[in-house]
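S.K.: The sequence and its predicted three-dimensional model are supplied below.
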Amino acid sequence: MSPPSRLLFVCLGNICRSPTAEGVMRAVIDDAGLDGRILCDSAGTGGWHVGDRPDSRARAEARRRGIELTHRGQQVRAPDDLRPHDLVLAMDRANLRDLQAMAPPEWPDGRIRLLRDFEPGAPPHSEVPDPYYGGDDGFAEVYDICVAACTGLLAHLLDAEG
């Protein structure tokens, strides 16, 4: 058996989109009976919320769907923060550019991707919208997007494994 894949989900503050994606991916992995084969974490490119729990609206939406978001905010700042991960998944193009700028020089193209690249039927370069300044509907939309994209991501990882 190969070593576990390590995924890092990244947004700006690490309190809305990336912890939701992390929690959803953990549930998708668990539902597939693959717990321990794929490891997940999340971080933000900004440091405003280091140590904070996810936004209460993100936690409420996840809880409504049957999962608990227990992550504490952390920041990704340097190539060494990225190195342990096999795949880094950005929620939007701005964070994608920031992550690509800090990527270890030895990393091949394609190791940092947009999460929605894995969502079947999503237009190319689609982003996970930031729900922070909106209402509860935005958090439900983000959750739905994460389910579709994380399900597609798992299929991609399993296909790559052979």
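M.R.: Noted; the coordinates are in hand.

S.K.: Next, the buried residues of the lowest-mean-pLDDT helix or strand in the chain.
M.R.: Ranked by mean pLDDT, DSSP states H and E, the weakest helix or strand in the chain is helix 79-82, scoring a mean of 92. By neighbour count on 16 or more other Cβ atoms under 10 Å, the buried set for helix 79-82 is D81, L82. From N, CA and C alone the C-beta is placed, and that goes for glycine too.

S.K.: cool, and stretch 125-144?
M.R.: The neighbour-count check on stretch 125-144 (16+ other Cβ under 10 Å) flags S126, E127, V128, D130, P131, Y132, G138, F139, A140, V142, Y143 as buried.

S.K.: Out of those, which comes closest to R72?
M.R.: Y132 (17.6 Å; Cβ to Cβ).

S.K.: Ignoring the adjacent residues along the chain, who's closest to that closest one?
M.R.: Leaving aside its sequence neighbours, Y132 sits nearest to C16 (Cβ to Cβ, 6 or more residues apart in numbering; 5.4 Å).

S.K.: Disregarding flanking residues, what is the spatial nearest neighbour of D52?
M.R.: Using Cβ to Cβ, 6+ apart, the nearest residue to D52 is G73, at 4.5 Å.

S.K.: Verify the stated contact: that neighbour with N14.
M.R.: Yes - between G73 and N14 a contact is recorded at 4.3 Å, counting by Cβ atoms under 8 Å.

S.K.: list residues touching both of these two?
M.R.: Common neighbours of G73 and N14, using Cβ atoms under 8 Å, 6 or more residues apart in numbering, are A43, G44, H49, V50.

S.K.: Reduced to three states, what does the residue nearest the centre of the chain come out as?
M.R.: Note on the chain: the residue nearest the mean C-alpha position is F9, at 2.7 Å, using Cα atoms, centre = their mean. Secondary structure, DSSP: H, G, I helix; E, B strand; the rest coil: F9 is strand.
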